[in-house]
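**Student:** Sharing a model that was predicted from the sequence below.
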Amino acid sequence: MILCHLLDGEKSVTELESLLASRQAAVSQQLARLRLEGLVKARRDGKAIYYSLSDPKTARMIGLLNELFCR
């Protein structure tokens, strides 16, 4: 679900927490795994960390899967 939310653009951990109705620790753990896999990239702005999809190809693939299976 994180990847689907990032289709709309970068989001902070706090925004993703709210969208997913999950705790910060769980969201951060999932983001760390996605980052290790090269699917997302992070940008720090002060204390906030913003995540976005790392590659336009990834965004297209996630968008297609989202259309087929999540709508």
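**Tutor:** Perfect, thanks for sending it.

**Student:** And the strands in this structure, which stretches?
**Tutor:** Remark: strands assigned in the chain by DSSP state E are 11-12, 40-45, 48-53.

**Student:** For the second one, which helices and strands make contact with it?
**Tutor:** Judged by 3 or more Cβ pairs under 8 Å, 6 or more residues apart in numbering; DSSP states H and E, strand 40-45 is in contact with helix 2-6, helix 24-36, strand 48-53. Using the backbone N, CA and C atoms, a C-beta is placed for each residue, glycine as well.

**Student:** Could I get the CA-only coordinates of the shortest one as CSV?
**Tutor:** Output of helix 2-6 as CSV, limited to C-alpha atoms (Å, rounded to 0.1, in the frame of the first residue of the first chain):
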residue,chain,number,x,y,z
ILE,A,2,2.9,2.4,0.6
LEU,A,3,3.9,2.2,-3.0
CYS,A,4,0.3,2.9,-4.1
HIS,A,5,0.2,6.1,-1.9
LEU,A,6,3.6,7.2,-3.4
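
**Student:** Need the residues that contact it.
**Tutor:** Contacts to helix 2-6, defined as Cβ atoms under 8 Å, 6 or more residues apart in numbering, come from residues 11, 16, 19-20, 27, 30-31, 34, 39-40, 51-53, 58, 62, 66, 70.

**Student:** and stretch 46-55, how far apart are its ends?
**Tutor:** 24 Å (Cα to Cα, to the nearest Å).

**Student:** Could you list the residues in contact with it?
**Tutor:** 2-3, 6-7, 9-14, 16, 31, 34-35, 38-44, 59, 62.

**Student:** For this structure, give me the ranges with low pLDDT.
**Tutor:** Counting by pLDDT under 70, the chain shows low-confidence ranges at 71.

**Student:** same thing but 80
**Tutor:** Applying pLDDT under 80 to the chain flags the ranges 70-71.

**Student:** just to revisit the earlier point, quick one: buried ones out of the contacts of stretch 46-55?
**Tutor:** 2-3, 6, 10-11, 13, 16, 31, 34, 39-40, 62 (16 or more other Cβ atoms under 10 Å).

**Student:** which pair in the residues you listed spans the largest distance?
**Tutor:** Within these, Val13 and Ile62 form the most distant pair, 18.9 Å apart (Cβ to Cβ).
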